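[1] return atomic coordinates for the entry below.
(chains A, B and C)
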Amino acid sequence: MQTWLMKSEPDEASIDDLERAGRLPWTGVRNYQARNFMRDEFRLGDRVLFYHSSCPEPGIAGLAYVASAPYPDPTQFDANSPYFDSKSTPTNPRWLLVDVHFDRKTALLPLQALKEHPGLATLRILKRGNRLSITPVTDAEWQVLEGLLA
DNA sequence: GCCAACGTTGGC
DNA sequence: GCCAACGTTGGC
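    Here you go, the predicted model:
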C-alpha cells in the first residue's frame, strides 16, 4: 500500500470536517504533477496523511484513505467556484480528484517536529521550495511517522 | 505582509 | 523552444 501526504488548508477542509462528513471529494487540485499522482498512482485504500497547511499550526492532523477512483473535479466547471477553469470542458476535463475517507484523528504532529526528526530528513514536503499539495511518502518514512502518530 | 521558490503563460 | 513576467504557495 502506498502512503500519500495531502495538504489542506483547515479553513477550507480540516480533519474535523472530514470526520464529520466521513468522506469528502478532494476538490481544488490545480497542479499537473499532483493531478497525475491521483490519476496514475493512487489506488483504492492507499493511506493518506492529512496535513494542515497555511494555518497557525501546520502539521499532520490525522489519517485517511483513498476511497474512490479518480474522476473529474466538478468545481472546474462551476463559474462561481474559485477553482473554475474556463479551458476545461466536461468532455475533456483537465482536473481530477478522488474521494478521501476519514480514518482517525491524531495528536497534531507539527511541521517543526517533522523537521527535527532525523528519520524524516528525506520527506518530500520538507524539501526546500516544495509546493506540491500531494506527495508520496516512502515505506521507511511511514514507519517513522507511524511511531510518532501512535 | 514578506519573501523564496516554483509553475504557468505568452511573446518572440 | 526560450525566457521574462507574473501568479501562487506556504512558512514565518
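
[2] residue A:44 reaches residue A:67, doesn't it?
    Yes - between residue A:44 and residue A:67 there is a contact at 7.1 Å, judged by C-beta atoms under 8 Å. Every residue, glycine included, has its C-beta placed from N, CA and C.

[3] comparing these two, which residue is more hemmed in?
    Taking other C-beta atoms under 10 Å, residue A:44 and residue A:67 do not tie; residue A:67 has more neighbours (19 against 12).

[4] check contacts around the more buried one.
    A:23, A:44, A:98-101 (C-beta atoms under 8 Å, 6 or more residues apart in numbering).

[5] what's the closest of those residues to residue A:14?
    The closest of these to residue A:14 turns out to be residue A:100 (C-beta to C-beta; 12.6 Å).

[6] who does the closest one form a beta bridge with?
    As for beta bridges, residue A:100 partners with residue A:24, residue A:66 under DSSP bridges.

[7] look up how far residue A:46 lies from it.
    Remark: distance between residue A:100 and residue A:46 (C-beta to C-beta, to the nearest Å) = 10 Å.

[8] which positions in chain A make contact with DNA strand B?
    A:31-33, A:128-131 (C-beta under 7 Å from any atom of the strand).

[9] before we move on, back to that, find residues that contact each of residue A:100 and residue A:46.
    A:65-66.
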